[in-house]
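Peer 1: coords please:
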Amino acid sequence: MDIAIVPDSAMYLQRDSAKVDVVVHKDAPCTETLVSLTGVVVTEAGEKVVFRESRSVKSGEAEVSAQFLFEVPLANTAQYTLELVAKAQGCGESDQEKVSLPVLSSAKNLVNLVIVWHNHQPPNYTPSGRFFADHPFKWVWYNLFEPYASGGPYYVHALIYKRFPKVKTTVHLSPSLLAQWAMCIEKGYALESGEVVTATDRRIELVKQTLEEYKSLATQGIIEVMSSVYAHTILGYLLHKFDMVEVIRDELELGLQITRDVMGVEPHGVWTPEMAWHNKLIEIYSDLGVEYTVLCSKSHFARALGNKNSAYELYEAVYNGKALRILFRDQVLSDMIGFRNNFVTSVEALKAALDTVLQIVSRRGLVTIALDGENWMIFSRYPRNTYPFFEQFYKYVSVLQEKGFIKSTTGHEASKLCRDGCKKILYIPINSWVNGFHKWDGELDEQRYMWTEVERVYHRLKLYKQVLGNSDKNIREAYWAFYHAIDSDYWWTEFWNPRVIKMWLGEVSKALDRAFTYLLS
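Peer 2: Have a look, this model is predicted:
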């Protein structure tokens, strides 16, 4: 047996009307469960029981619930703790659960909350145009969350944003993901296996509907859309090892334009893939009109140098006369959602949602949560139970915002918080969210060999560009292929894909061979 206490708010004001559901998951079948809830006010003066009720729930379902209503007591103190203790008994088993909720005498904004979901898919197609994986489309239409919701994570995210419109959310839709959605909407797609999905297929219709939902949400100001380089490129590593400044600059220009063209918005922030950082990115981003990015409190802020205090503030990083606003994510909170998500039952998911929000309101200042939007759901051992967590999490944030405890903001809004001047950071360490670059270069011997191939091709690419210029058709095609070859998803140890890397490096060489032939003609 397992119990979740699900209050209608994670915090209360004194004299609020409270509604609390006690949800019980039973391991053994039975038709009657006795459920009780006790409320205890805890102050410095002591403890006082203010509420106690019991319910008998007659149901043979594995999951049952009982609802309790009461008024949150008035106390002669500005803040106290309301302890809720739930007990359940039945089926020859029993359990108990306790939560502690803050209660304030008056509303005050404790947290400015920035929620950032990073959604991306690598270019899952070959140079021939055939797809070797259908993940950009599958994770729109695949029913991962039944019986709670239909559709995949990309679709469900849009539904949750629409359901809780007052919770402002920042959404990174990688340009390679947007491009593949636009591609399949226009002409369908074909897999290497031989399967062909036409543009009129109902699955593609759902992709189109999902894209339109995101565009509508962006137009209404419910979400802000971030951009990035076209593919999922580990920028800091490429700058540190190969100084690929012009590659990154050109690929970012392409990514920004795709975001404008597909989404119809002007992006203010960019996602730095894998949070792979190098200070040269400040200059590149700034030159292209980017206002902010998101980095990590542990991997970056902890060892950054400058006028810094807490990671729960907005900072301005400076380099070579250029400046960029930085939001440092709370890695503990982000990882709670990203990796502590193997909820065996919905009861576990509901408990985790309350715990996560209580952790948020225990912070103060500008709190940024940033993580993959789809992968935390897809890679859970029990994907369907990530939905009740997701829904309840947004419900709590929405209620706390209505009560005045939380103010949700977009990344762009947060980047304007220090209009009179942010604290300056002079150096941010070359690093990624995994505290190094070993996942892409170091865990497999073949990774090291392939990077020498990348370096060889890159030197040739630079040379030809210097001779022929960027306007040459073959040079543009070579760079396009190069962006694909260095997508980090193909290099990550667990998803290591040398076939695709070699395929696109081969396309670079073919384009340069054509350029050389033209040069000699």
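Peer 1: give me the nearest residue to Ser408, chain neighbours excluded.
Peer 2: In space, and not counting its chain neighbours, Ser408 is closest to Lys168: 4.5 Å by CB to CB, 6 or more residues apart in numbering. Any C-beta I mention is one placed from the backbone N, CA and C, and that applies to glycine too.
Peer 1: oops, could you answer that again for Phe145 instead?
Peer 2: Closest to Phe145 by CB to CB, 6+ apart is Tyr387, at 4.1 Å.
Peer 1: that neighbour: neighbour count?
Peer 2: Using other CB atoms under 10 Å, Tyr387 is surrounded by 23 other residues.
Peer 1: mind checking the SS state of it?
Peer 2: Counting by DSSP: H, G, I helix; E, B strand; the rest coil, the backbone at Tyr387 sits in helix.
Peer 1: give me every residue that touches it.
Peer 2: Counting by CB atoms under 8 Å, 6 or more residues apart in numbering, Tyr387 touches Phe145, Tyr148, Ala149, Val156, Ala349, Met377.
Peer 1: now do Val197
Peer 2: Val197 touches Asp134, Phe137, Cys184, Gly188, Tyr189, Ala190, Leu191, Arg203, Ile204, counting by CB under 8 Å, 6+ apart.
Peer 1: among the residues you listed, name the ones in strands.
Peer 2: Those of the contacts of Val197 mapping onto strands are Tyr189, Ala190, per DSSP state E.
Peer 1: which of the contacts of Val197 are buried? Put it as a ChimeraX command.
Peer 2: ChimeraX command restricting the contacts of Val197 to the buried ones, with burial defined by 16 or more other CB atoms under 10 Å:
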select :134,137,184,188,189,190,203,204
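Peer 1: from the contacts of Val197, which is closest to Ala304?
Peer 2: Lowest distance from Ala304 to the contacts of Val197 (CB to CB) belongs to Phe137, with 39.4 Å.
Peer 1: ok, that closest one touching Glu205?
Peer 2: No - using CB atoms under 8 Å, Phe137 is not in contact with Glu205, being 11.2 Å away.
Peer 1: related to what we said a few turns ago, distance check, the residue nearest to Phe145 against Leu417.
Peer 2: Distance of Tyr387 to Leu417, given as CB to CB, to the nearest Å: 32 Å.
Peer 1: got CSV for the contacts of Tyr387, with distance to Lys98 too?
Peer 2: Putting the contacts of Tyr387 into CSV (distance: CB to CB, whole Å) gives the following:
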residue, distance to Lys98
Phe145, 29
Tyr148, 27
Ala149, 30
Val156, 31
Ala349, 18
Met377, 29
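Peer 1: between those residues, which is nearest Val500?
Peer 2: Met377 (24.7 Å).
Peer 1: tell me the secondary structure of that closest one, please.
Peer 2: Assigned by three-state DSSP, the conformation of Met377 is helix.
Peer 1: which parts of stretch 386-403 are buried?
Peer 2: Within stretch 386-403, the residues that count as buried by 16+ other CB under 10 Å are 386-401, 403.
Peer 1: number of residues surrounding the residue nearest to Ser408?
Peer 2: 24.
Peer 1: so what's it up against?
Peer 2: Ile115, Gly221, Ile222, Ile223, Glu224, Ser408, Thr409, Thr410, Glu413.
Peer 1: okay, the last one and Leu426: tell me how far apart.
Peer 2: Pointing back at Glu413 there. Remark: distance between Glu413 and Leu426 (CB to CB) = 26 Å.
Peer 1: and the first one, by the same measure?
Peer 2: Spatial separation of Ile115 from Leu426 under the definition CB to CB is 29 Å.
Peer 1: could you do the fourth one as well?
Peer 2: In this view, Ile223 and Leu426 are 33 Å apart by CB to CB.
Peer 1: and the two? which has more neighbours close in?
Peer 2: With neighbours defined as other CB under 10 Å, Ile223 and Leu426 compare such that Ile223 has more, 28 against 13.
Peer 1: got the contact list for that one?
Peer 2: Counting by CB under 8 Å, 6+ apart, Ile223 has contacts Tyr161, Lys168, Thr169, Thr170, Val171, Tyr214, Leu217, Thr410.
Peer 1: among those residues, which lie within helices?
Peer 2: Using DSSP state H, Tyr161, Tyr214, Leu217 are the members of those that sit in helices.
Peer 1: which of these lies closest to Val332?
Peer 2: Closest approach to Val332 among those (CB to CB): Tyr161, at 24.3 Å.
Peer 1: that closest one is in contact with Gln220, isn't it?
Peer 2: No - using CB under 8 Å, Tyr161 makes no contact with Gln220, being 9.7 Å away.
Peer 1: look at those two and report which has more neighbours.
Peer 2: When neighbours are counted by other CB under 10 Å, Tyr161 and Gln220 differ, and Tyr161 comes out ahead with 24 against 11.
Peer 1: distance of the more buried one from Ser471?
Peer 2: Tyr161 sits 41 Å away from Ser471, going by CB to CB.
Peer 1: same deal with Thr200?
Peer 2: Distance from Thr200 to Ser471, by CB to CB: 38 Å.
Peer 1: ditto for Ile115
Peer 2: Taking CB to CB, one finds Ile115 at 41 Å from Ser471.
Peer 1: and these two? Which one has more around it.
Peer 2: The neighbour comparison of Ile115 against Ser471 (other CB under 10 Å) goes to Ile115, with 26 against 7.
Peer 1: can you tell me the SS state at the more buried one?
Peer 2: Taking three-state DSSP, the label given to Ile115 is strand.
Peer 1: how about the helices of the stretch 351-500 of the chain, start to end?
Peer 2: Taking DSSP state H, counting those that start in this stretch as the criterion, the stretch 351-500 of the chain carries its helices at 375-378, 386-403, 411-414, 445-468, 473-485, 498-520.
Peer 1: who's in contact with the third one?
Peer 2: Helix 411-414 is contacted by residues 112, 114, 116, 168, 170, 224, 226, 268-269, 291-292, 294, 314, 327, 366, 368 when judged by CB under 8 Å, 6+ apart.
Peer 1: can you tell me which of those residues is nearest Thr126?
Peer 2: When the contacts of helix 411-414 are compared against Thr126 (criterion: CB to CB), the nearest one is Met226, at 27.8 Å.
Peer 1: for the host helix or strand of the closest one, which strands pair with it and how are they oriented?
Peer 2: Using DSSP states H and E, Met226 sits in strand 223-226. Sheet pairing of strand 223-226 (DSSP bridges) gives strand 169-173 (parallel).
Peer 1: end-to-end on stretch 408-426?
Peer 2: Using CA to CA, to the nearest Å, the end-to-end distance of stretch 408-426 comes to 29 Å.
Peer 1: right, I mislabeled it, should have said stretch 69-85
Peer 2: Terminal-residue distance, stretch 69-85 (CA to CA): 14 Å.
Peer 1: what does stretch 463-477 give?
Peer 2: 15 Å.
Peer 1: how about that stretch: buried residues?
Peer 2: By neighbour count on 16+ other CB under 10 Å, the buried set for stretch 463-477 is Tyr464, Lys465, Leu468, Asp472, Asn474, Ile475, Glu477.
Peer 1: looking at those residues, spot the one nearest Ser299.
Peer 2: Out of the buried residues of stretch 463-477, the member with the shortest distance to Ser299 (by CB to CB) is Lys465, at 33.1 Å.
Peer 1: tell me who's in contact with the residue nearest to the closest one when sequence neighbours are not counted.
Peer 2: Using CB to CB, 6+ apart and skipping the chain neighbours, the partner closest in space to Lys465 is Ile475 (5.4 Å). Ile475 makes contacts with Leu461, Tyr464, Lys465, Leu468, Gly469, Ala511, Ala515, as judged by CB under 8 Å, 6+ apart.
Peer 1: out of these, what pair is the most spread apart?
Peer 2: Greatest spacing in the contacts of Ile475, by CB to CB: Gly469 and Ala511 (14.3 Å).
Peer 1: do I have it right that Val500 meets Phe132?
Peer 2: Yes - applying CB under 8 Å, one finds Val500 in contact with Phe132, separated by 7.1 Å.
Peer 1: those two - which one has more neighbours?
Peer 2: Higher neighbour count among Val500 and Phe132: Val500, with 22 against 16, using other CB under 10 Å.
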